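Asker: Have a look; sequence and predicted model below, questions after that.
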Amino acid sequence: MKRRSKWIKITLLSITGGILLILGIVFTFAYFKGSQVLKKYLTETVYKGSRGLYRLETGDLHITIIPGWISIRDVALIPDTALFRKWQMADSSVSKLFSVNISMIQVRGVDFIGMLRKQKFDIRKVIIIGPEIKIDIYKSTGKKEEPRSRQTRHIRINLPAGIQSLNISQVRLLKGSFRIIDHRADSLKEVIFPSIAIEADNIHTDHSGTPDPRLFNADDIRIRIADYSMSLDKGLYRLSLGVLSLSTGNSSVKLNKFSLAPTLGRKEFAKKAVFQADRMNISIDEISLNGLKFDSAVLKGKILASRLTVKGLLLDDFRDQSYPRKPGLKPPLPQDLIPKIPLPFSIDTVCVQQSKAIYSEQKNAGPGTVSFADLQGKLYPLTNDSLKLQQSYTMHLVGSALLMGKGKFTASFAFKVPSNHSSFNLKANIGNMDLMEFNQVVTPLAGIMISSGKLIKMEIPNILFTDFQSTGILKFYYSDLEIKLIRKDSSSWTNIKTSVLGFAANTYVGSDNPNRNGKFREGVIRFHRDTEKSIFNYLWKSVFTGLKSTVGINSKEQKEIKKERKAKKK
C-alpha cells in the first residue's frame, strides 16, 4: 500500500514537472520569440494596410502569457512624405498626413488560448500612455477624382482576415496631445490640444454582419480635452476653452468654461481696430449639447441634437463711436447669418440660463450702457437644413431679464428664416422700476438726466424690423417724471438756456402718463437702421425713438403715423 502511494506521488510529481517544463518552454519561447513574431506582424500589417505610406517602429515589446499581458514601449507611426506627395499629385482627395508617437501601450487580460485556438481576441483592458498625434493638412493638388459619397463610410471596426471576433472591455488613452498644422495658406496655422484623454467601454465586433448602431462598436466612448486656447482676429482676441467632454453613450457634449476675451482695453482696442468695431467680451460657465446623433456627425458631417444649453453667459459689447466707420461693413442680422454657416446643423431648442448682457456706446462723453441681468431665454428651432430653408420657417426667441438689473423685462422675437427683407418681429413688456436707472444710457448719449420718475409699465405690442427700418407702437406708463438737460459748457448764457429748455421740456412732457385728466400719450417707433452697426444698436435705437415720441419728440414720419392712427380711432 505504501509502495503504491509512493508510486502515485512520484507519477504526479513527474507529470507536474513535465507540464511546468512544457509551460516554461512555451513561456520562454513566447517571451523571446513571441515578441519578435508580434513585432513583425504589427510592422507588416501597418505597412501593407497603408500601402507603404506608414512605417511602424517599436521599442521593447514583452509578452507575459499569465496573466496575459503585452507591453510595448516607444511606438511610432512614421509617414513616408515622398510617397504622400506622389499620391497627392495623382489624387486630389489625399490631403492629410498623420504622425503618432506613444510612450507605452499595455494590453492586459489577453486570452491567448482563445486567440490561438479560435481566432477570438478577448482583452480586458488596453492602456495607451502619452500619445502625441500630429496631423498635417496640405492643399489638394493634382487631378480631381469623382467625389465620394459619405454614405459609404462606416463607423464600425472592420476585422482583418483570420480574426473571428474582437472583445475589449476597456480602452484608456491617457496624457495625450493633439496637434494640427494647416499648410494650405501662405503662412502656417497651428492648432494644439495639449491635454486629451479617451475612454471606451465594451468594444465588440465580429463577422456576423449584424448591424451595430454604436460608434466604433463601443457601448460608450468618452473624450476629454482640456486647456485649449488660440489667438483670433490678428491678435485682438483670445479664445480659451476649459474642459470639453463628450460621451457617445449619453449622446452629449459638454464644455466647462468658454472665453472670447479682447487682448486690449477699450481705448487700445479701438486704436488698433482703426475703424469703429464692436469689442465683444464673452464668457460662459457651461455649454451642453444633448441628444446629439454622433452617427450623423461622423458619417454626414451634420450636427443633429435635441437641446443646447448655455449657462452663465456674460456678453459685454462696447463700441467707440469717436472713430470712423469701416466702409462697406454690414453686420448680418441673425436670420441672415444662419444660412451662411457652412456646417449643416439642426437643434430643436437652445436654452440660455443665469446670464447677463451689456451693450455700451461711447461718443465724446462716457459710455451709455444698457444691461440685462438674470437673463433666461429659449430659442427654437435653430437649423440651416436646406429643406427648411427652401420652405422658410419661423425661429422663435422668448426670454426674460431684469432691465438695468431692476425692472422685469419679457420679450418674444419671431425671425423669418430666410427672409427677403430680413424681417423679424418683437413683442415686449417692462414692469415697474425707477426711471433714474436709465440715466446710465440717456445722460451720456442724449444729454438728458432724469431727476425723478417711476415706470409703472411699458408695453410694446409689436415692432416690425426689416433690413432697413423698424416700425411699431410703444406704450409708456410713468409718474412723477422730471428731467434736466445737461449743459456741455459752463458759460452763463449756456446755463440760462439749459434751465429754460429744461423747464420747457418738463412742462411739455408732463410728469405723468396718463395725465391727471386720464389722457394717454402713445409713442410711435420709427427708426432707419444703421446697417453698419450691430443688432443691439438697432433694437436700442428703435425703442428710444418710441420713448422720445411719447414725450413729444417726433420725426416727420412719426407725426404722419400718429395722424393716421388718430384718424382711424375716430
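Answerer: Yes, it's here. Numbers count the residues shown, from 1 in each chain.
Asker: ok but Ile63 is inside a helix, no?
Answerer: No. If the criterion is DSSP: H, G, I helix; E, B strand; the rest coil, then Ile63 is strand and not within a helix.
Asker: so how far is Glu57 from it?
Answerer: Ile63 sits at a distance of 18 Å from Glu57 (criterion: Cβ to Cβ, to the nearest Å). In this view, the C-beta of every residue, glycine as well, is placed from N, C-alpha and C.
Asker: same question, Asn439
Answerer: Distance from Asn439 to Glu57, by Cβ to Cβ: 71 Å.
Asker: and the two? which has more neighbours close in?
Answerer: Taking neighbours as other Cβ atoms under 10 Å, Asn439 and Glu57 compare with Asn439 leading, 17 against 13.
Asker: Using CSV, list the CA coordinates for the helix or strand containing the more buried one.
Answerer: In this structure, Asn439 sits in helix 439-446 according to DSSP states H and E. The C-alpha trace of helix 439-446 is given here as CSV (Å, rounded to 0.1, in the frame of the first residue of the first chain):
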residue,chain,number,x,y,z
ASN,A,439,-29.6,107.7,-16.7
GLN,A,440,-26.8,105.2,-17.4
VAL,A,441,-27.8,105.4,-21.1
VAL,A,442,-29.7,108.7,-21.7
THR,A,443,-27.3,111.0,-20.0
PRO,A,444,-24.1,110.2,-22.0
LEU,A,445,-25.9,109.6,-25.3
ALA,A,446,-28.8,112.0,-25.3
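Asker: what helices or strands is the helix or strand that that helix is followed by leaning on?
Answerer: Following helix 439-446 in sequence order, the next helix or strand is strand 448-465 (DSSP H and E). If you count contacts as 3 or more Cβ pairs under 8 Å, 6 or more residues apart in numbering; DSSP states H and E, strand 448-465 packs onto strand 424-430, strand 433-434, helix 439-446, strand 469-485, helix 535-550.
Asker: mean pLDDT lowest for which of the ones you listed?
Answerer: Here the lowest mean pLDDT among the helices and strands packed on strand 448-465 goes to helix 439-446, at a mean of 85.
Asker: contact partners of that helix?
Answerer: 361-363, 365-371, 404, 448-450, 486, 540, 544 (Cβ atoms under 8 Å, 6 or more residues apart in numbering).
Asker: how near is Arg521 to Ile127?
Answerer: Distance, Arg521 to Ile127, by Cβ to Cβ: 75 Å.
Asker: element containing Val37?
Answerer: Here Val37 is assigned to helix 35-49, by DSSP H and E.
Asker: Mind giving me the packing neighbours of that helix?
Answerer: Under the contact definition 3+ Cβ pairs under 8 Å, 6+ apart, helix 35-49 sits against strand 54-57, strand 61-64.
Asker: thinking Ala76 is in contact with Leu56, fair?
Answerer: Yes. Counting by Cβ atoms under 8 Å, Ala76 does reach Leu56; the two are 7.3 Å apart.
Asker: Of those two, which one has the most company?
Answerer: Higher neighbour count among Ala76 and Leu56: Leu56, with 18 against 15, using other Cβ under 10 Å.
Asker: can you give me the strands in the stretch 201-350 of the chain?
Answerer: Here the stretch 201-350 of the chain has its strands, by DSSP state E, counting those that start in this stretch, at 218-232, 237-247, 252-262, 278-290, 303-311, 314-320, 345-362.
Asker: so which of the ones you listed gets nearest Phe527?
Answerer: strand 345-362 (14.8 Å; Cβ to Cβ).
Asker: Sheet partners, orientation included, of the following helix or strand past the closest one?
Answerer: Sequence-wise, the next helix or strand downstream of strand 345-362 (DSSP H and E) is strand 368-380. Strand 368-380 has these partner strands in its sheet, going by DSSP bridges: strand 345-362 (antiparallel), strand 393-403 (antiparallel).
Asker: Now do the last one, average pLDDT.
Answerer: Per-residue pLDDT values over strand 393-403 give a mean of 95.
Asker: quick one: contacts of it?
Answerer: Strand 393-403 is contacted by residues 334-335, 338, 352, 357, 370-383, 408-417, 430, 433, 437 when judged by Cβ under 8 Å, 6+ apart.
Asker: Got a ChimeraX select line for the buried ones in those?
Answerer: With 16 or more other Cβ atoms under 10 Å as the criterion, this ChimeraX line picks the buried residues out of these:
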select :334,335,338,352,357,370,371,372,373,375,377,379,380,381,382,383,409,411,413,415,416,417,430,433,437
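Asker: quick one: Thr531 is in a strand?
Answerer: No. In this structure, Thr531 is coil, not part of a strand, as judged by three-state DSSP.
Asker: In contact with it, which residues?
Answerer: The contact partners of Thr531, by Cβ under 8 Å, 6+ apart, come to 330-331, 467-468.
Asker: bridging residues for the residue sitting nearest the centre point of the chain?
Answerer: In the chain, the residue lying closest to the centroid (Cα atoms, centre = their mean) is Ile287, at 7.6 Å. Per DSSP bridges, the residues bridged to Ile287 are Leu255, Val310.
Asker: From Lys311, how far off is it?
Answerer: Applying Cβ to Cβ to Ile287 and Lys311 gives a distance of 8 Å.
Asker: do the same with Val107
Answerer: 41 Å.
Asker: which residues of the stretch 1-150 of the chain score low on pLDDT?
Answerer: Residue ranges of the stretch 1-150 of the chain with pLDDT under 70: 1-34, 91-94, 141-150.
Asker: got the strands of the stretch 201-350 of the chain as CSV, with mean pLDDT and distance to Phe112 columns?
Answerer: Converted to CSV, those look like this (pLDDT from 0 to 100; distance: least, Cβ to Cβ, whole Å):
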stretch, mean pLDDT, distance to Phe112
strand 218-232, 91, 23
strand 237-247, 94, 33
strand 252-262, 96, 38
strand 278-290, 95, 42
strand 303-311, 96, 43
strand 314-320, 93, 57
strand 345-362, 94, 47
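Asker: Mind putting the ones you listed into a markdown table with distance to Ser50?
Answerer: Converted to a markdown table, the strands of the stretch 201-350 of the chain look like this (distance: least, Cβ to Cβ, whole Å):
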| stretch | distance to Ser50 |
| --- | --- |
| strand 218-232 | 24 |
| strand 237-247 | 28 |
| strand 252-262 | 31 |
| strand 278-290 | 34 |
| strand 303-311 | 31 |
| strand 314-320 | 47 |
| strand 345-362 | 33 |
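Asker: looking at those, which is closest to Val551?
Answerer: Of all these, it is strand 345-362 that lies closest to Val551, at 21.0 Å by Cβ to Cβ.
Asker: And the closest one, what's buried?
Answerer: Within strand 345-362, the residues scored as buried using 16+ other Cβ under 10 Å are 345-347, 349-353, 355-362.
Asker: could I get that strand in PDB with only the CA atoms?
Answerer: Coordinates of each C-alpha in strand 345-362 appear next as PDB, following Å, rounded to 0.1, in the frame of the first residue of the first chain:
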ATOM      1  CA  PHE A 345     -27.000  71.600 -38.200                       C
ATOM      2  CA  SER A 346     -30.400  71.300 -36.700                       C
ATOM      3  CA  ILE A 347     -31.100  71.800 -33.000                       C
ATOM      4  CA  ASP A 348     -34.600  71.600 -31.600                       C
ATOM      5  CA  THR A 349     -34.200  74.000 -28.700                       C
ATOM      6  CA  VAL A 350     -31.500  76.400 -27.400                       C
ATOM      7  CA  CYS A 351     -31.800  77.500 -23.800                       C
ATOM      8  CA  VAL A 352     -29.900  80.300 -22.100                       C
ATOM      9  CA  GLN A 353     -29.800  80.400 -18.300                       C
ATOM     10  CA  GLN A 354     -28.400  82.600 -15.500                       C
ATOM     11  CA  SER A 355     -26.900  85.000 -17.900                       C
ATOM     12  CA  LYS A 356     -26.200  88.700 -18.400                       C
ATOM     13  CA  ALA A 357     -25.900  91.000 -21.400                       C
ATOM     14  CA  ILE A 358     -24.400  94.500 -21.600                       C
ATOM     15  CA  TYR A 359     -24.400  96.900 -24.500                       C
ATOM     16  CA  SER A 360     -22.400 100.200 -24.400                       C
ATOM     17  CA  GLU A 361     -21.700 103.000 -26.800                       C
ATOM     18  CA  GLN A 362     -19.400 105.900 -26.400                       C
END
